[in-house]
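Asker: My questions are about this predicted structure, shown below with the sequence.
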Amino acid sequence: MSNMNVVVVGLGGVGSILVERLCRFINFSNDLTANLLLVDGDTYEVKNYERQEFIRMGKKAEIKATELAMKFSKIRIDAFEEYITPENIGDVIKEGNIIFMCVDNHKTRMIVSNYCKELQDVVLISGGNEFTDGNVQLYVRKDSKDLTPDLCKYHPEIANPDDKLPNEMSCEELSQSDPQLYFTNLGVATLMCWTFYNSVVLENYERSEVYFDILTMNSSSKIRAIG
């Protein structure tokens, strides 16, 4: 397999868990290599201890890039220490990227999904969750054709978001967040890894969305029509 260009957007409860597992798989696979870009404008703080994985305080993207580089020498790792916006998205996302979107707001999902619709080739894996349940979506374009539905197709809350981008929020708004459960974040990260293995390694795009619920101990995938 040729060298992959991977972008992870968001290094919170899901993203900080995901990148460690993803890098371990790529680094020790004989036929996989990658360049990895970590994207996040946030800072790791004491309040994040219970569900985020970092070695020290500070800017999340820089800290995690340094930490992963010490463990996984086969992967070139860079940091982009800003939130994604309409103005800088072209500096982050390029043709042929494999994108893991681990954000907690629909407006960012909408911006990234719409931007990817203008590319010729891209794989976008987006995960999100409430306290005890969550879902993962897969959007694939090849040769300027959609192989799966974009993120907005079956989710009006993403197509018409009523929330803000992180850079549009006040300090008070940023400090207020819905409670999160570590095990739910772990579940989303795991399902994103499953989706990566199916879509990128096996090139299987049949099931483009999966849901799970910790309280019912259940997960289910969906085959979504493009048209």
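Answerer: Happy to help now that I have it.
Asker: who does the strand ranked longest in the chain pair up with?
Answerer: Of all the elements of type strand in the chain, the one with the most residues (DSSP state E) is strand 133-142. Strand pairing for strand 133-142, using DSSP bridges, gives strand 122-129 (antiparallel), strand 145-146 (antiparallel), strand 209-213 (antiparallel).
Asker: Deepest in the core, which of those strands is it.
Answerer: Of all the strands paired with strand 133-142, strand 122-129 carries the top mean neighbour count, a mean of 25, counting by mean count of other C-beta atoms under 10 Å. C-beta: built from backbone N, CA, C; applies to glycine.
Asker: which stretch among the strands paired with strand 133-142 comes nearest residue 80?
Answerer: strand 122-129 (16.8 Å; C-beta to C-beta).
Asker: Just the CA atoms of that closest one, as CSV, please.
Answerer: Taking Å, rounded to 0.1, in the frame of the first residue of the first chain, the C-alpha atoms of strand 122-129 are listed here in CSV:
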residue,chain,number,x,y,z
VAL,A,122,-10.9,11.5,0.0
VAL,A,123,-11.9,9.3,2.9
LEU,A,124,-13.6,11.0,5.8
ILE,A,125,-14.4,9.1,9.1
SER,A,126,-16.4,11.1,11.6
GLY,A,127,-17.2,10.0,15.1
GLY,A,128,-19.4,11.6,17.8
ASN,A,129,-21.2,10.7,21.0
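Asker: tell me the mean pLDDT for it?
Answerer: Here strand 122-129 scores 97 as its mean pLDDT.
Asker: List the buried residues of the longest strand of the chain.
Answerer: 133, 134, 135, 136, 137, 138, 139, 140, 141 (16 or more other C-beta atoms under 10 Å).
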